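Colleague: whatever this is, show me its structure:
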Amino acid sequence: MIIVMASARKEDVDHVVSRVEELGYQAHVIQGVERTVVAAVGDERGKERLTSLEALPYVEQVIRVLKPFKLAGREVKKEDTVISCAGTRIGGTHFGVMAGPCSIESEEQIQETAEAVKAAGATILRGGAFKPRTSPYSFQGLEMEGLRILRRAGKSVQMPVVTEATTPEQVPVVAQYADMIQIGARNMQNYGLLRAVGKAQKPVLLKRGMMCTINEFLMSAEYILSEGNPNVILCERGIRTFETETRNTLDIQAVPVIKLHSHLPIIVDPSHAAGRWDIVIAMACAAVAAGADGIMVEVHTNPEQALSDGQQSLRPSKFAALMERIQPLLQVMGKTTR
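Modeller: Predicted coordinates:
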């Protein structure tokens, strides 16, 4: 249930939070533009007791949330959430561009890529240090050394960095080096990991599982939000279908559908959806037109020699062309990368 406050005074909100907790529920305060609400999360049984809070003079009403996802839903917060990652905003009118290699391979490689994507207009540097691969014989990443290299590259070009954590134990370590923690598609329903990043208080990029529904996707976001971390960015990266021409199928309709149901920002990863570099630009344009809040694109200075996902990586020149192509669309959609 959500308690809609008639007053936003701190002492009034604190009193409602205290009463919600006394009744055995977690209280999450959500400050909106038009209203302040307190979400009561917990056992559905006995929630009717919360309606007694309507007797308080500074409570406007108590509303039952009908969707299974409570904190992620529009019922709790009607306006779009805007998330700040080390000063770079994503959501609302702010369009985020995350770019970089699938895997961090060397200091020279990530530095050269960072300079190229920054020059083209990217806002966040991406790179994988811990790489969960389908084959145990594939390159698994540079791990700790990769984190250090990524951090140095980000600082040198003054860009926030995002990288993946694959286990709950990695989360505190990754949080020391990254400005945003990524949860990959294979871990979308790793609930222990979701709870861990929920406690980390760093922005989280949550990728949709390749065989998961939109409802399951939002319920995974709910795990993070329920631990007290409101800074969740969703990422549509393609789902598995019968089609064999592409690695996955970009579920472009997921963008407007999720925006109907959730206030959280959603970005698109055209690289993993396509699995081939030659249609990435077209799919990035489609993402902007669908209303996405950002894109995540794999860029490599020498894709033929990449240790992972070279076939779907753009050369820096192609990435620059992508950035040029999306500018008119961003203007039409009322968004900016600044």
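Colleague: Ile110 - nearest residue in space that isn't next to it in sequence?
Modeller: Nearest residue to Ile110, sequence neighbours excluded (CB to CB, 6 or more residues apart in numbering): Ala153, at 4.6 Å. C-betas here are computed from N, CA, C, even on glycine.
Colleague: residues touching that neighbour, list them.
Modeller: By CB atoms under 8 Å, 6 or more residues apart in numbering, the contact list for Ala153 reads 107, 110-111, 113-114, 125, 127, 161.
Colleague: the longest helix in this structure is where?
Modeller: Longest helix in the chain, counting residues (DSSP state H): helix 316-333.
Colleague: just the CA trace of it, in CSV.
Modeller: Listed next in CSV are the C-alpha coordinates belonging to helix 316-333 (Å, rounded to 0.1, in the frame of the first residue of the first chain):
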residue,chain,number,x,y,z
PRO,A,316,35.2,4.5,-33.1
SER,A,317,34.4,6.0,-36.5
LYS,A,318,31.1,4.1,-36.8
PHE,A,319,30.2,5.1,-33.2
ALA,A,320,30.8,8.7,-34.1
ALA,A,321,28.4,8.2,-37.1
LEU,A,322,25.8,6.7,-34.7
MET,A,323,26.0,9.7,-32.4
GLU,A,324,25.5,12.0,-35.4
ARG,A,325,22.5,10.0,-36.7
ILE,A,326,20.6,10.1,-33.4
GLN,A,327,20.9,13.8,-32.8
PRO,A,328,17.9,14.8,-34.9
LEU,A,329,15.8,12.1,-33.3
LEU,A,330,16.8,13.3,-29.8
GLN,A,331,15.6,16.8,-30.7
VAL,A,332,12.3,15.4,-31.9
MET,A,333,11.9,13.4,-28.7
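Colleague: what helices or strands is it leaning on?
Modeller: Other helices and strands packing on helix 316-333, by 3 or more CB pairs under 8 Å, 6 or more residues apart in numbering; DSSP states H and E, are helix 107-120, helix 280-290, strand 294-298.
Colleague: out of those, which is closest to Glu227?
Modeller: Glu227 lies closest to strand 294-298 among those, at 23.5 Å (CB to CB).
Colleague: helix 107-120 and the longest helix of the chain, what's the angle between them?
Modeller: 30 degrees (axes from the mean of the first three to the mean of the last three CA atoms, to 10 degrees).
Colleague: measure Arg64 to His300 for me?
Modeller: 50 Å (CB to CB, to the nearest Å).
Colleague: which of those two has more neighbours?
Modeller: Neighbour tally, Arg64 and His300, criterion other CB atoms under 10 Å: the higher count belongs to His300, 28 against 12.
Colleague: contact partners for that one?
Modeller: His300 makes contacts with 101-102, 109, 113, 306, 310, 313-315, as judged by CB under 8 Å, 6+ apart.
Colleague: tell me the domain boundaries of the chain?
Modeller: Residue ranges for the domains of the chain, per automatic domain parsing: 2-63, 83-333.
Colleague: same list (the helices and strands packed on helix 316-333) but as a markdown table, adding mean neighbour count.
Modeller: Listed next are the helices and strands packed on helix 316-333 as a markdown table, based on neighbours: other CB atoms under 10 Å:
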| stretch | mean neighbour count |
| --- | --- |
| helix 107-120 | 20 |
| helix 280-290 | 21 |
| strand 294-298 | 28 |
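Colleague: JSON lines for those, including distance to Glu22 and mean pLDDT?
Modeller: Supplementary listing: the helices and strands packed on helix 316-333 in JSON lines, determined by distance: least, CB to CB, whole Å; pLDDT from 0 to 100:
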{"stretch": "helix 107-120", "distance to Glu22": "50", "mean pLDDT": "97"}
{"stretch": "helix 280-290", "distance to Glu22": "44", "mean pLDDT": "98"}
{"stretch": "strand 294-298", "distance to Glu22": "41", "mean pLDDT": "98"}
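Colleague: turn these into CSV, columns for distance to Thr167.
Modeller: Shown next, in CSV, are the helices and strands packed on helix 316-333 (distance: least, CB to CB, whole Å):
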stretch, distance to Thr167
helix 107-120, 23
helix 280-290, 30
strand 294-298, 22
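Colleague: what segments of this protein are helices?
Modeller: Applying DSSP H to the chain gives helices spanning 10-22, 107-120, 144-157, 171-177, 191-200, 214-226, 254-261, 270-274, 280-290, 316-333.
Colleague: could you figure out how far the longest one is turned away from strand 294-298?
Modeller: Between helix 316-333 and strand 294-298, the angle comes out at 170 degrees (the same axes, to 10 degrees).
Colleague: mean confidence score for helix 316-333?
Modeller: For helix 316-333, the mean pLDDT works out to 98.
Colleague: what does that helix rub up against?
Modeller: 95, 97, 99, 113, 116-117, 119-122, 277, 280-281, 284-285, 288-289, 291, 295, 297, 299, 301, 314, 336-337.
Colleague: so how far is Thr213 from Val257?
Modeller: 11 Å.
Colleague: so for those two, which residue has more residues nearby?
Modeller: Neighbours were counted for Val257 and for Thr213 using other CB under 10 Å; Val257 has more, 15 against 12.
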